[in-house]
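Participant: Below is the structure, and that's it, no one-letter string:
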């Protein structure tokens, strides 16, 4: 795996042509595997003999993974993403009430207001030629603001939280930088929790603190910090990439944008097709077989760290047809059996999926309604890729909100 990442789709196509499961070399020469095929990934994600707890990671359990390994946080953070069975159900139940369909729908007016306010700022920030980095000015602050509101995190922490969380989940950081970023992020989240403990409110962090302080083993301090880290990272990075990828896809496929404008497809269809065609998460770490398993015709040895290859599964022709490489916003209305897996499957299905879908749908509809002539300011091939092989997106998204105004002759 290239720690610097890049566009995964060409490599994925080559790997899928050879099989649904591939052996990979992770940073630091750690042996791993990736499940790429749609059906194989669906089976693997829900398999009863696949664990998330890192005690099943053989090399880590044997002390052969150094502290500065860039992917260690994915394995060792205490929270839902590294828990199994009863522990997973306990931790998920503590935050699940904040993401019910009713609670998410109640957020709609606030998300619509925040989206409109951010677009006002985008308009003001545009240069004389009408260009602006939409990723930094819009796709990032929308989900970050929403998740911080849910958690009761002060707005002044948002930029720092994004910077640190990006470093923590990066695959190309050096050992010293990885350790420093983890320590700083943990300290910052502990400070956030301490502030909410002193002044509790109607937010998720205050509810988690109450669960911790009431005892009974419902939530430990490390699990509290790990849950906050998960909520911050998963609560904004995925939606950030989803909105970025959807705007890029629509701008490079104007015919598809035309289908939405004419009412032949919905904005929600754009979100679903983007999730499939250009998944915001490419390879997500880790799961570990608790015994040797045969998945997609390949043996995955017990204790191997396995990546979930969402970007590959989304374009698997065996599941999505011979035109799987095409971006087609009418596809979601026609798809029946092979729904995408980009938000997971099984017990660890993304808890925030309804919120991410709502945020992205509102964002796209308001964006293209407010700026009907919006287009990329550079060609799609010139956009710099997001670093790392976990997230899948572009590093920036320069767009032109409207055609440049010709200078007035004087």
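Facilitator: In hand now; what should we look at? Values in this document were obtained by computation on a predicted structure and should not be read as measured data.
Participant: Quick check: closest non-adjacent residue to residue 173.
Facilitator: residue 70 (4.9 Å; Cβ to Cβ, 6 or more residues apart in numbering). The C-beta positions use only the backbone N, C-alpha and C, and glycine is treated the same way.
Participant: what's the burial count for that neighbour?
Facilitator: 23 (other Cβ atoms under 10 Å).
Participant: That one contacts residue 4, correct?
Facilitator: No: with contact defined as Cβ atoms under 8 Å, residue 70 does not count as touching residue 4 (11.5 Å).
Participant: Next, show the common contact partners of the two.
Facilitator: Taking Cβ atoms under 8 Å, 6 or more residues apart in numbering as the criterion, residue 70 and residue 4 both touch residue 172.
Participant: how about the residue nearest to residue 173, what does it touch?
Facilitator: Taking Cβ under 8 Å, 6+ apart as the test, what residue 70 contacts is 3, 27, 28, 170, 171, 172, 173, 174, 175, 178.
Participant: residues touching the fifth one, list them.
Facilitator: For residue 171, the contacting residues are 1, 3, 5, 27, 70, 71, 387, 388, 389, 390, by Cβ under 8 Å, 6+ apart.
Participant: let's go with 7 Å and repeat that
Facilitator: Residues near residue 171 by Cβ atoms under 7 Å, 6 or more residues apart in numbering: 3, 5, 27, 70, 71, 388, 389, 390.
Participant: Name the residues of stretch 121-136 that are buried.
Facilitator: For stretch 121-136, burial by neighbour count (16 or more other Cβ atoms under 10 Å) applies to 122, 126, 130, 131, 132, 133, 134, 135, 136.
Participant: How about stretch 263-272?
Facilitator: Here stretch 263-272 shows 265, 266, 267, 268, 269, 270, 271, 272 as buried, counting by 16+ other Cβ under 10 Å.
Participant: Need the residues that contact it.
Facilitator: 246, 250, 259-260, 329-330, 332-333, 357, 360-361, 364-365.
Participant: coming back round to it: just the buried residues of stretch 263-272: which are in helices?
Facilitator: Within the buried residues of stretch 263-272, residues falling in helices by DSSP state H are 267, 268, 269, 270, 271, 272.
Participant: Output these in CSV; the columns should cover pLDDT.
Facilitator: Shown next, in CSV, are these (pLDDT from 0 to 100):
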residue, pLDDT
267, 98
268, 96
269, 96
270, 97
271, 97
272, 97
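Participant: and which of the contacts of stretch 263-272 is nearest to residue 210?
Facilitator: residue 357 (29.1 Å; Cβ to Cβ).
Participant: any idea how far the helix or strand hosting that closest one is from the chain center?
Facilitator: Assigned by DSSP states H and E, residue 357 belongs to helix 353-370. Centre-to-centre, helix 353-370 and its host chain are 15 Å apart (Cα atoms, centre = their mean, to the nearest Å).
Participant: now stretch 174-187
Facilitator: 21 Å.
Participant: before we move on, back to that, confidence-wise, which of the buried residues of stretch 121-136 comes last?
Facilitator: Within the buried residues of stretch 121-136, pLDDT reaches its minimum at residue 130, with 83.
Participant: Just the buried subset of the contacts of residue 70, please.
Facilitator: For the contacts of residue 70, buried by 16+ other Cβ under 10 Å: 3, 27, 28, 170, 171, 173, 178.
Participant: now, which of the buried residues of stretch 121-136 sits nearest residue 114?
Facilitator: Nearest member of those to residue 114, counting by Cβ to Cβ, is residue 122, at 12.5 Å.
Participant: quick one, what contacts that closest one?
Facilitator: Residue 122 touches 132, 134, 137, 138, counting by Cβ under 7 Å, 6+ apart.
Participant: Save those residues as TSV, and put in distance to residue 297 and secondary structure too.
Facilitator: As requested, the contacts of residue 122 are exported to TSV (distance: Cβ to Cβ, whole Å; DSSP: H, G, I helix; E, B strand; the rest coil):
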residue	distance to residue 297	secondary structure
132	48	strand
134	42	helix
137	46	helix
138	44	helix
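Participant: Which pair of these spans the longest distance?
Facilitator: Pairwise over the contacts of residue 122, using Cβ to Cβ, the maximum falls at 132 and 138, 8.3 Å.
Participant: Tell me the buried residues in the helix holding residue 357?
Facilitator: 353-368.
Participant: Please apply the same query to stretch 248-255.
Facilitator: 248, 249, 250, 251, 252, 253.
Participant: ok, residue 208 touching residue 225?
Facilitator: No: using Cβ atoms under 7 Å, residue 208 makes no contact with residue 225, being 9.9 Å away.
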